[in-house]
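> Turn this into a structure:
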Amino acid sequence: MDNNEMQKKCETLLKEFGKPSFVVFGWQKSDKQFGVVYSQHNMPAKAAAKSMSWALNDIIQKNL
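A predicted model of the protein is given here:
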């Protein structure tokens, strides 16, 4: 599945929630290749950026 298809699926999912929302989604495309997309639905950019900052910090603290 390419990035555009995955982007559309994520956008559809967020609209179904019916709430302001934001998601970053990663998946394995092939043995050595990964794809990453993000979608936001009625969520302010500042709130999405703050959410990403928290998530990145959490990943680093738990995995590195």
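> What segments of this protein are helices?
Taking DSSP state H to define them, one finds helices in the chain at 3-17, 45-63.
> what's the most buried one of those helices?
helix 3-17 (a mean of 14; mean count of other Cβ atoms under 10 Å). C-beta here means a position set from N, CA and C on the backbone, and glycine is covered the same way.
> on contacts alone, who are the packing partners of that one?
Secondary-structure packing of helix 3-17 (3 or more Cβ pairs under 8 Å, 6 or more residues apart in numbering; DSSP states H and E): strand 21-30, strand 33-41.
> Let's have these in CSV, adding mean neighbour count and distance to Gln7.
Listed next are the helices and strands packed on helix 3-17 as CSV, based on neighbours: other Cβ atoms under 10 Å; distance: least, Cβ to Cβ, whole Å:
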stretch, mean neighbour count, distance to Gln7
strand 21-30, 14, 9
strand 33-41, 15, 5
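> Of all these, which one is nearest Asn63?
strand 21-30 (13.9 Å; Cβ to Cβ).
> got the contact list for the nearest residue to Tyr38 once chain neighbours are set aside?
Distances taken as Cβ to Cβ, 6 or more residues apart in numbering put Val24 closest to Tyr38, at 4.5 Å, once the chain neighbours are dropped. Val24 is in contact with Val36, Val37, Tyr38, Met52, Ala55, counting by Cβ atoms under 8 Å, 6 or more residues apart in numbering.
> Max pairwise distance over those residues: which two?
Pairwise over those, using Cβ to Cβ, the maximum falls at Val37 and Ala55, 14.8 Å.
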